Structure formats: C-alpha cells, structure tokens
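Chemist: Here's my sequence, what's the structure:
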Amino acid sequence: MMKLKTLSIVLFGILLVSLAVEAQKRGFNPHIDLRKGLRPDPELLKVHDYTPQYQWFTQRLDHFNVANTQTFQQRYIINDQYWNGNGPVFMMINGEGPMGLDTVTSLQFVIWAKQYNALIISLEHRYYGASFATTDLGTDNLIYLNPEQALADNAVFRDWVNQAYNVKPTSKYVTFGGSYSGALSSWMRIKYPNLIDLAIASSGPVNPVVDFSQYLEVVQRAILTLPNLGNQCIENISYATQKIQDMLLQEDYSTLNQQFNLCPPLDGNPDDIATFMQALAGNWMGVAQYNNQEVGQQSLLNICEMMVEPGNDPLTNYITIWNLFANGQCTDVSYNTMIQSMMNTTNDATVIGGRMWFYQTCTNFGYYQTSDGPSDLQPFGDMFGLPYQVKQCADVFGFDFEPNVNWTITEFGGLNPSGSNVLYVNGMNDPWSALGLTEHSISDPLLPSLFIVGTSHCQDMMIPTAVTPSTVIPAQATINSFISKWLNQ
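Modeler: Numbering: from 1, shown residues only. The predicted structure follows:
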C-alpha cells in the first residue's frame, strides 16, 4: 500500500531543505529537493581527494534567555580545500531536512568558492537531521523551533568559525540558500549585517501567507508555457477534475475507489475527500515545482503529453498519471492516516520536513496551498480550501489560531525588507516565486532581484547539465558578477 505523502507542498523547499530528497511535510515537500538534477563537477571532487566529514558544535538551546543554559549538539561541515587564508567565507544555510555531505561539494556556489579561494561552511538547521535540539518532538519542546533561533545558531557558528580558522577582518562572509533556506539566507544578512556581508537568496518565499492559493495559479501558468500543448493540457485537467467532483457530489465513491485504487476506500468523509483532491493536484504541484527533465524523471512536458494522449477521454489519462505516481500500488488518502503521521514525536535523523516543518507552518509561515483561488486561474477544483488546511494544525497540535505570519513579516520585512547586498533569485515557473521578492530592478544597488525565464525551484543553485534550461547559465553568470562586485567593494 502506498501511503499518501502528507500533502501541502511547502518551503520549501527547497521548501527548499538544503540537499534533501523529496519528502513529507504538510504534504508534498514544497521546499527544496536539490538532489534531483544535481550533477557534481568531477573536477571539484578530485582536488586533494577531499571528502568532507560531519562534525559537532555545542549550541545554546535558547539564544534569547540567558537563564536557560541548556545546550544541544548541532552538526556542521567545513570544506577548506580551496581556502588560502585570505579569501571569503561561503556559508550555505540549511533548511528543513538532513544536511548532506554534498552540501559543500556539489552545488554551483562551490565552483565559485574555488574561483575566490573561499572557505565553505554549513550548519545543519536545529531539530532537523541529526541536530536533535530536544529529547523528543512533543509540542512543548518545539517552542525553540523558529527562524529567529535558527539565524542565531548561524550567527554563533559564524563567530566560532572566525576564530577557529583565523579569518581575517578583510574576509567577507557570503550566505547562500534555496527555498526556506533561501529566505533564511536573506534574513541572515538583514538581521546580522555586522556579521554577513552579502547574501544570495534563491527561491525564497520571504512573504509568508496563510492562504497560498497562488501556488496553483503559477502551476497553471507554467503548464501554459508548453508550446502546442499547454492549453489542451489545462483544459483536460479541468475536465477530469470536474468529472471527479461530480462523482463525489453524486456520492459515487465505489467508482472512484476502483479507478484510483484507494485503500482504505472513500466513504464520504469530507476530510478524506479533501485529502484525495489535494493528492490529485499534488502530483502536478510537485512536478511543476522541480520540473526535472533528466532521463527517468517527470517534467510538465512528460505528464502533459500523457494528459492529452489521443484516443482517451481526459479522465482516463488523469487516472493513468495517478497510477504512474502510485507505482501500481493502492493509495491511502485518509485524513486520519495523514494526521497520525504527524503525531510521531520521535527524533529521526532521516526525516525531511515532517512534524517539525508542519509546526513551523502552523506557527510562523502558513504557506497552505489551497484551492481557494479563482477557478479560471487553476484547474484543480475547489475542494481543499483553507478551513481544511487550518484544521490539520488543530488536530495535530491543538492550536486554535492561524499562523502568525504578520509577525514573521514584521520581523524580516516581507516584500519590503530594509537592507542591502541581498540578491533575490527566482524562477518564473516556480510556484514559490509568488511569495518571493521579484519586483526590484536588477540594477537596484541595494536589494536587486533576478527573475529567470523558464526555470523552476532553485535551479540556479544546481550545476548545469545537458537538459538545464538555457537561461540558467547566463543567470548564474549574473549572480557571480554580483558576488564579484560585492567582494571587491
């Protein structure tokens, strides 16, 4: 039996998780899955036969309460193979998942580190991976899980690195990050401009909202960019969705259970129905977010070609795509299964997102990908709205409030941050770009932005391959030009 990935596609992401594999959050991992499409540069890995190692740093549990003397062990990695003692320090900010060793060897910024003789450092995000902050993940123990504490972790770690490696006062610190960690990268410069000199923020949803209905709208816009295919693909998805919703309204559950191989079967429970409808949309949401065109992976082009396959009605094609993602197994779309998966309070170093990220969305970020937007802007129906999303926070944590996104915006500035030397990078086909900073001119000397045509989530962070969109390499050259200019200021 295939259990449904708990379904909200959030930060992130990347969303976007340093180098995490696709996983469970409130649903699809909305954050970053950089392993897909990552292709390490073989030359980078040959230098000095270098292999990074995990190391451990003693970190305060609460940076803002001196009376709390509790500490925990936090993982970090350092790649000093290019460091000449005089170059800058490149800090990769991690997000909502385990920090892989390839975090400091296999991304585009590592090539730039070699160019600038930079020291590469990376600290695992508290509570994620093996950086267990508390004995378990009980709700009371999660109060130290928020972006303010995570940024303070990086500030303390930065100062320790400064001393341990005798970093010169003239050496500048550059942060990198993608998806949730992209937002953290920008916030690191905004909150600690005395410690961080410049920041590259890729696909960062810096403007948290509770009702993120725009996610589905960007999915539709990305599909519509497919030449000679997009319009028909959207029409067929809309047709299939309407047929399914009609069957649900007619309580024809037996047909749907058979067609989509559901276990346990739908029986009219409204929460199960909402979970099923979000699961249907979720396949398309995940593909749109990453749009991986590597051989053997799924892209919007692949599944839209299936969706418009001649000789079949759209619902038949829609079922074929569902079965592709289900790998021939029956699928559990019960709401209770999803909620129970979030009730596990055991620390687990392999979990990406999970209960921890769900807590962050319920308290700080929202990011709920609802179906509440205008029906002409997305083809996935209207049966997984905001009340269904918010109910999950109440059922898991007992919260009777919506996420305090207003405080997060107040703390970091949202779409109107105050700061300098942050480059915001977004892909035009990335659903998370709807919450990113894309309005500043590329010539803005303080907070420039770069909007890359034809790219998806965090693609600018990856080492290009033969199928990388043609717009990525010029965009990476532009990013590098900003780094060069800022380092030489």
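
Chemist: Which helix or strand contains Q297?
Modeler: Assessed by DSSP states H and E, Q297 sits outside every helix and strand.

Chemist: To what extent is it buried, counted in neighbours?
Modeler: 14 (other C-beta atoms under 10 Å). No exception for glycine: its C-beta is placed from N, CA and C like everyone else's.

Chemist: cool, the one 10 residues further on as well?
Modeler: By other C-beta under 10 Å, the residues close to M307 number 24.

Chemist: Kindly report the same for P205.
Modeler: 33.

Chemist: Quick one: find the helix or strand in this protein with the lowest mean pLDDT.
Modeler: strand 31 (a mean of 33; mean pLDDT, DSSP states H and E).

Chemist: before we move on, which element is A222 in?
Modeler: helix 214-224.

Chemist: residues in contact with the helix or strand just after that helix?
Modeler: Sequence order places helix 230-249 as the next helix or strand after helix 214-224, per DSSP H and E. Helix 230-249 has contacts (C-beta atoms under 8 Å, 6 or more residues apart in numbering) with 220, 223-224, 226, 253, 255-256, 273, 277, 280, 284, 304, 307-308, 314-315, 317-318, 379-381, 383.

Chemist: Turn the buried ones among the residues you listed into a named PyMOL selection, would you?
Modeler: Listed next is the PyMOL selection for buried residues among the contacts of helix 230-249, using 16 or more other C-beta atoms under 10 Å:
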select buried, resi 220+223+226+253+256+273+277+280+284+304+307+308+314+315+317+318+379+380+381+383
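
Chemist: what does the model give K3 for pLDDT?
Modeler: pLDDT, the model's per-residue confidence, is 51 for K3.

Chemist: Revised request: answer the last question for Q293.
Modeler: pLDDT, read off for Q293, is 75.

Chemist: what does the one 10 residues further on give?
Modeler: The pLDDT attached to I303 in the predicted structure is 96.

Chemist: tell me the contacts of G398?
Modeler: T139.

Chemist: Now do the strands for the stretch 301-450 of the chain: every range, in order, please.
Modeler: Remark: strands assigned in the stretch 301-450 of the chain by DSSP state E, counting those that start in this stretch are 331-332, 422-427, 449-452.

Chemist: Nearest to W322, out of the ones you listed?
Modeler: strand 331-332 (8.0 Å; C-beta to C-beta).

Chemist: rewinding a little: would you format the strands of the stretch 301-450 of the chain as a markdown table with mean pLDDT included?
Modeler: A markdown table is the format used below for these (pLDDT from 0 to 100):
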| stretch | mean pLDDT |
| --- | --- |
| strand 331-332 | 94 |
| strand 422-427 | 97 |
| strand 449-452 | 95 |
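
Chemist: which of those is buried the deepest?
Modeler: Of these, the one with the most neighbours on average (mean count of other C-beta atoms under 10 Å) is strand 422-427, at a mean of 28.

Chemist: Would you mind pulling the contact partners of that strand?
Modeler: 182, 186, 189-190, 198-204, 206, 432-433, 436-438, 440, 447-452, 454-460, 475, 479, 482.

Chemist: List buried residues within these.
Modeler: The neighbour count (16+ other C-beta under 10 Å) marks 182, 186, 189-190, 198-204, 206, 432-433, 436-437, 440, 447-452, 455-460, 475, 479, 482 as buried among the contacts of strand 422-427.

Chemist: low-scoring stretches of this protein, by residue?
Modeler: By pLDDT under 70, the weakly predicted segments of the chain are 1-50, 295-296, 440-443.

Chemist: Check which element follows the longest strand seen in it along the chain.
Modeler: Secondary structure of the chain per DSSP state E: the longest strand is strand 71-79. Downstream of strand 71-79, the next assigned helix or strand under DSSP H and E is strand 89-93.

Chemist: Quick check: next helix or strand after that following strand?
Modeler: helix 108-116.

Chemist: ok, residues contacting that next one?
Modeler: With C-beta under 8 Å, 6+ apart, helix 108-116 has contacts from 41, 44, 47, 79, 82, 87-88, 90, 92, 104, 118-120, 176, 200, 460-464, 476, 480, 483, 487.

Chemist: buried residues in it?
Modeler: Result for helix 108-116 [16+ other C-beta under 10 Å]: buried residues 108-110, 112-114, 116.

Chemist: show me what contacts P265?
Modeler: Contacts for P265 (C-beta under 8 Å, 6+ apart) come out as 253-254, 257.

Chemist: and with 7 Å instead?
Modeler: 253, 257 (C-beta atoms under 7 Å, 6 or more residues apart in numbering).

Chemist: Return the distance of it relative to Q392.
Modeler: Look at P265 and Q392: by C-beta to C-beta, to the nearest Å, they are 22 Å apart.

Chemist: cool, and Y253?
Modeler: From Y253 across to Q392, the span is 22 Å (C-beta to C-beta).

Chemist: Likewise for L280?
Modeler: L280 sits 18 Å away from Q392, going by C-beta to C-beta.

Chemist: measure stretch 434-453 end to end?
Modeler: 14 Å (C-alpha to C-alpha, to the nearest Å).

Chemist: and that stretch, how far out from the chain's middle?
Modeler: Centroid separation between stretch 434-453 and its chain, computed with C-alpha atoms, centre = their mean, to the nearest Å, is 19 Å.

Chemist: Tell me which residues are up against it.
Modeler: 203-209, 212, 214-215, 218, 415, 417, 419-420, 422-428, 460, 471-472, 475, 478-479, 482.

Chemist: Identify the residue spatially nearest to C330, adjacent ones excluded.
Modeler: C263 (3.9 Å; C-beta to C-beta, 6 or more residues apart in numbering).
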